[in-house]
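Trainee: fold the stuff below for me.
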Amino acid sequence: MNATMTFKEEAMLAISRLPARATTQRVRETVDILAALRESERASAAGKIFSHDEVVRRFRAWRKK
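Mentor: Reported below is the predicted structural model:
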């Protein structure tokens with residue numbers, strides 16, 4: 001992710017790197033992945049993330065229910 005690029009610029013760059021015969025589904029998937037990465041970066045910056053160990057602990061607690 002490039003902090004100086006807008007989402008549109010990043011999406012256009014990613015799409016331009018796809019093969020010329022890429023399907024609309026592949027284009028959509030590429031844009032969806034970029035959007036998910038952006039969202040995860042915002043969540044991380046806001047401290048809304050869990051460490052791997054915390055996720056494992058929560059999963060094990062959930063499985064015991």
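
Trainee: tell me how many other residues crowd E10.
Mentor: When neighbours are counted by other CB atoms under 10 Å, E10 registers 17. (C-beta placed from N, C-alpha, C; glycine too.)

Trainee: would you tell me what the next helix or strand after the helix or strand harbouring it is?
Mentor: Counting by DSSP states H and E, the element that carries E10 is helix 7-16. Per DSSP H and E, the first helix or strand lying C-terminal to helix 7-16 is helix 24-45.

Trainee: which stretches of the chain aren't confidently modelled?
Mentor: 1-2 (pLDDT under 70).

Trainee: 80 - rerun?
Mentor: The chain contains residues with pLDDT under 80 at 1-3.

Trainee: who does the helix holding E10 touch, helix- and strand-wise?
Mentor: Using 3 or more CB pairs under 8 Å, 6 or more residues apart in numbering; DSSP states H and E, the elements in contact with helix 7-16 are helix 24-45.

Trainee: C-alpha coordinates for the helix or strand that the helix it packs on is followed by, PDB please?
Mentor: Going down the chain from helix 24-45, the next helix or strand is helix 52-64, by DSSP H and E. The C-alpha coordinates for helix 52-64 follow below in PDB (Å, rounded to 0.1, in the frame of the first residue of the first chain):
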ATOM      1  CA  HIS A  52      -2.100 -14.100  17.000                       C
ATOM      2  CA  ASP A  53      -1.900 -15.500  20.600                       C
ATOM      3  CA  GLU A  54      -5.100 -13.600  21.600                       C
ATOM      4  CA  VAL A  55      -7.000 -15.000  18.600                       C
ATOM      5  CA  VAL A  56      -5.800 -18.500  19.500                       C
ATOM      6  CA  ARG A  57      -6.900 -18.000  23.100                       C
ATOM      7  CA  ARG A  58     -10.300 -16.700  22.000                       C
ATOM      8  CA  PHE A  59     -10.800 -19.500  19.500                       C
ATOM      9  CA  ARG A  60     -10.000 -22.200  22.100                       C
ATOM     10  CA  ALA A  61     -12.400 -20.600  24.600                       C
ATOM     11  CA  TRP A  62     -15.100 -20.500  21.900                       C
ATOM     12  CA  ARG A  63     -14.600 -24.200  21.000                       C
ATOM     13  CA  LYS A  64     -15.000 -25.200  24.700                       C
END
